[in-house]
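# Sequence first, predicted coordinates after that:
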Amino acid sequence: MSKQEKIVTMFDDIAGTYDVANRVLSFGVDKSWRKDACDKTYELYNQKSIDIILDVACGTGDMCEFWDKHAEKNSVKVKKIVGVDPSTGMLNEAKKKDLNAEFQIAEAKKLPFETDSVDILSISYGLRNVIDRKEGLEEFYRVLKPGGLLVILEFTKLKKASIASRVRDFYMKKILPLVGGLLSKNYEAYSYLPNSIEGFLTKEMLIDELKEIGFDIKVDKGYSLDISTLIISQK
Ligand SMILES: C[S@@+](CC[C@H](N)C(=O)[O-])C[C@H]1O[C@@H](n2cnc3c(N)ncnc32)[C@H](O)[C@@H]1O
């Protein structure tokens, strides 16, 4: 089994307990990060009618729900919200929620969308799991309309050790595997999370990769002492 297949299988295994574990482990703070990302994006895109919002690595559908909920508050009409993910387990959980979105099985590097067709493409806490990241980012660039926005929420590696990074590391390495492991009965999956952050990029490195592909960086912001990062870039 390839590394990518192993990651997807791991998400299949924890799909049933993913939402509960997520809310417990994040104390619900991720909601404010997601809300802010949606509001900033709608404001920046500044279109009252949007054809397609695509959420890649949609998991159990959280971001699709946020895009829908915050459209009305921003006086935006969104014609279609689509979530894609290679994990059938995660997609099945998303489908149970009866959200105002469609769900399809697909990987980041091969999206079932035409060139220049998507207004907004988001990926929340998913990019770390995309093994062929460069191909994925190039695919995002391909499907976005000129002027379309790429919205990345992610746990990036911190450049310098700070008090915040030590607290985050302690929480991620010690508490999260324990609590996540107990809730999901899959300790390996919740030990993977801190390791995948260690093996990921700093915010600065990710911005460089995006610029290389041709994206123009519009927003680059840290939440809760840089525990989470938001990058909005434009094609
Ligand atoms: C940590 S979950 C995040 C789910 C959701 N976006 C959220 O914010 O809760 C990571 C998701 O990435 C998906 N994933 C893994 N490899 C992927 C790939 N190559 N392309 C797209 N999604 C992938 C997993 O199946 C999983 O649902």
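Noted; the coordinates are in hand. Numbering: from 1, shown residues only.
# Only C-alpha atoms from now on, for both contacts and neighbour counts.
Noted.
# could you pull out the strands for this structure?
Remark: strands assigned in the chain by DSSP state E are 49-56, 77-85, 102-105, 118-124, 144-154, 216-223, 228-234.
# can you tell if the second one touches the ligand?
Just to be clear, that refers to strand 77-85. Yes. For strand 77-85 and the ligand, the contact criterion (CA under 6 Å from any ligand atom) is met by Asp85.
# Any chance of TSV for the strands of the chain, columns mean pLDDT, distance to Pro112 and mean neighbour count?
Output for those, formatted as TSV (pLDDT from 0 to 100; distance: least, CA to CA, whole Å; neighbours: other CA atoms under 10 Å):
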stretch	mean pLDDT	distance to Pro112	mean neighbour count
strand 49-56	98	11	22
strand 77-85	98	9	19
strand 102-105	98	9	18
strand 118-124	98	11	24
strand 144-154	98	12	22
strand 216-223	95	24	15
strand 228-234	96	20	22
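# can you tell which of the ones you listed is closest to Trp33?
The closest of those to Trp33 is strand 216-223. By CA to CA, the value is 6.9 Å.
# chain center to that closest one, what's the gap?
Centroid separation for strand 216-223 versus its chain: 15 Å, with CA atoms, centre = their mean, to the nearest Å.
# Tell me the strands beside it, with direction?
Within its sheet, strand 216-223 is paired with strand 228-234 (antiparallel), according to DSSP bridges.
# Point to the helix or strand of the chain where mean pLDDT is at its lowest.
Scoring the helices and strands of the chain by mean pLDDT, DSSP states H and E places helix 163-170 at the bottom, with a mean of 80.
# buried stuff in that helix?
For helix 163-170, the neighbour count (16 or more other CA atoms under 10 Å) marks Ser165, Arg168, Asp169 as buried.
# which residues sit against that helix?
For helix 163-170, contacts defined as CA atoms under 8 Å, 6 or more residues apart in numbering pick out Leu158, Pro194, Leu225, Asp226, Ile227.
# list the contacts for the third one?
Taking CA under 8 Å, 6+ apart, we find Leu225 in contact with Ala164.
# quick one, phi/psi of it?
Dihedral pair for Leu225: phi 60, psi 40, per degrees, to the nearest 10.
# cool, the fourth one as well?
Backbone torsions for Asp226, taken as degrees, to the nearest 10, come to phi 60, psi 20.
# and the gap between it and the ligand?
Taking CA to the nearest ligand atom, to the nearest Å as the measure, Asp226 falls 17 Å from the ligand.
# again with the last one
In this structure, Ile227 and the ligand are 15 Å apart, going by CA to the nearest ligand atom.
# Would you confirm that that residue contacts Lys157?
No. The pair Ile227 / Lys157 is not scored as a contact, 9.2 Å apart, by CA atoms under 8 Å.
# Which of these two has more residues huddled nearby?
Neighbour totals were compared for Ile227 and Lys157, and Lys157 leads with 23 against 17 (other CA atoms under 10 Å).
# Quick check: chain neighbours aside, which residue is closest to the more buried one?
Thr202 (4.4 Å; CA to CA, 6 or more residues apart in numbering).
# Which residues are in contact with the nearest residue to Asp19 once chain neighbours are set aside?
Distances taken as CA to CA, 6+ apart place Thr60 nearest to Asp19, at 7.4 Å, with adjacent residues excluded. For Thr60, the contact set (CA under 8 Å, 6+ apart) comprises Ala15, Tyr18, Asp19, Met90, Leu91, Asn92, Glu93, Ala94, Lys95.
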